[in-house]
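> build me a model from this:
(one chain, ligands or ions: 1)
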Amino acid sequence: MTRKILIMTAVEAEKEAVLRGLSGEPGFEVAIAGVGPAAAAASTAAALARADGRYDLVVSAGIAGGFADVAPIGSIVVASESIAADLGAETPEGFASVDKLGFGTNRLPADAEIASRLAEALRRAGMPAHCGPVLTLSTVTGSAATAEALAARYPGAAAEAMEGFGVAEAARLFGLPFLEVRAISNAVGPRDRDAWKIGDALAALEAANTYLAEVLPS
Ligand SMILES: O=C(O)c1cccc(C(=O)CC[C@H]2O[C@@H](n3cnc4c(=O)[nH]cnc43)[C@H](O)[C@@H]2O)c1
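Below you'll find the model as predicted:
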């Protein structure tokens, strides 16, 4: 039986970019999850429940902010793990994640083999690609202070977006492996809407998806 992959994007423009990259490759379905972790988790879980065991892999794909010196605008980040970066509690000693509080986890791993194979394939093709942690936040970072705090809290963080952890939670609920692929449209830091390169990021997202089928187990 042929493999089936579910790719969730937040918005239509991302879905179109992914579909252009896949260019009719069989076995892929691309659906819109909505913006934010709650919409992403609910939409993904609903899609997986409707499919009744039809999928082998769930992917969160879209644009993202890149952390300075790790993921420049136009580059691709393939998540090694998805981290719910603000899921926890403020304490007098600082932020305590749900892991530390004993209420589950705020880190869900990506399929390590597929993630590293995809990042390698992209680099071989001459694309700037990095494999590292991707943060999921409900609030887009808009200051240098928050960017620095997140980078210190999660050493090695490569990018931040708003859906990955929600998609990953749904995949985990259904016992399926997860992947997150992000094209960088802006730097994580002070808000500067004029500096966003959404067109460049969508072009990079399209290009990255042309390599997805070849790195998946058959
Ligand atoms: O209004 C702003 O300052 C602002 C800055 C960056 C992104 C937004 C969005 O509303 C886009 C949200 C959408 O795109 C993904 N995304 C892209 N860049 C980032 C980011 O730096 N931090 C978090 N999410 C980002 C996200 O996954 C959403 O789907 C607004």
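> quick one: end-to-end length of stretch 70-85, please.
From its first residue to its last, stretch 70-85 covers 18 Å (Cα to Cα, to the nearest Å).
> mean confidence score for it?
Stretch 70-85 shows a mean pLDDT of 98.
> what of stretch 14-34?
97.
> now swap in stretch 199-212 and tell me
98.
> residues from this protein in reach of the ligand?
Counting by Cβ under 6 Å from any ligand atom, the chain comes close to the ligand at 10, 35, 62-65, 137, 140-142, 160-163, 185-186, 188, 191, 193. From N, CA and C alone the C-beta is placed, and that goes for glycine too.
> Three-state assignment for the residue of the chain found nearest the ligand, please.
Residue nearest to the ligand within the chain: residue 65 (2.2 Å; Cβ to the nearest ligand atom). Recorded secondary structure, residue 65: strand (DSSP: H, G, I helix; E, B strand; the rest coil).
> ok, residue 59 next?
strand.
> show me what contacts residue 14?
Listed by Cβ atoms under 8 Å, 6 or more residues apart in numbering, the contact set of residue 14 reads 61, 62, 63, 202, 205.
> let's have the residues you listed in a markdown table, adding neighbour count.
What follows is the contacts of residue 14, written out as a markdown table (neighbours: other Cβ atoms under 10 Å):
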| residue | neighbour count |
| --- | --- |
| 61 | 29 |
| 62 | 30 |
| 63 | 26 |
| 202 | 21 |
| 205 | 27 |
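> just the C-alpha atoms of the longest helix seen in the chain, please, in CSV.
In the chain, assigned by DSSP state H, the helix with the most residues is helix 37-51. The C-alpha trace of helix 37-51 is given here as CSV (Å, rounded to 0.1, in the frame of the first residue of the first chain):
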residue,chain,number,x,y,z
PRO,A,37,-1.5,26.0,18.3
ALA,A,38,-5.1,25.5,19.4
ALA,A,39,-6.5,25.7,15.8
ALA,A,40,-3.6,23.6,14.5
ALA,A,41,-4.2,20.8,17.1
ALA,A,42,-8.0,20.8,16.6
SER,A,43,-7.9,20.8,12.8
THR,A,44,-5.2,18.2,12.7
ALA,A,45,-6.9,15.9,15.1
ALA,A,46,-10.2,16.3,13.2
ALA,A,47,-8.4,15.5,9.9
LEU,A,48,-6.8,12.4,11.4
ALA,A,49,-10.0,11.2,13.0
ARG,A,50,-11.8,11.5,9.6
ALA,A,51,-9.1,9.6,7.9
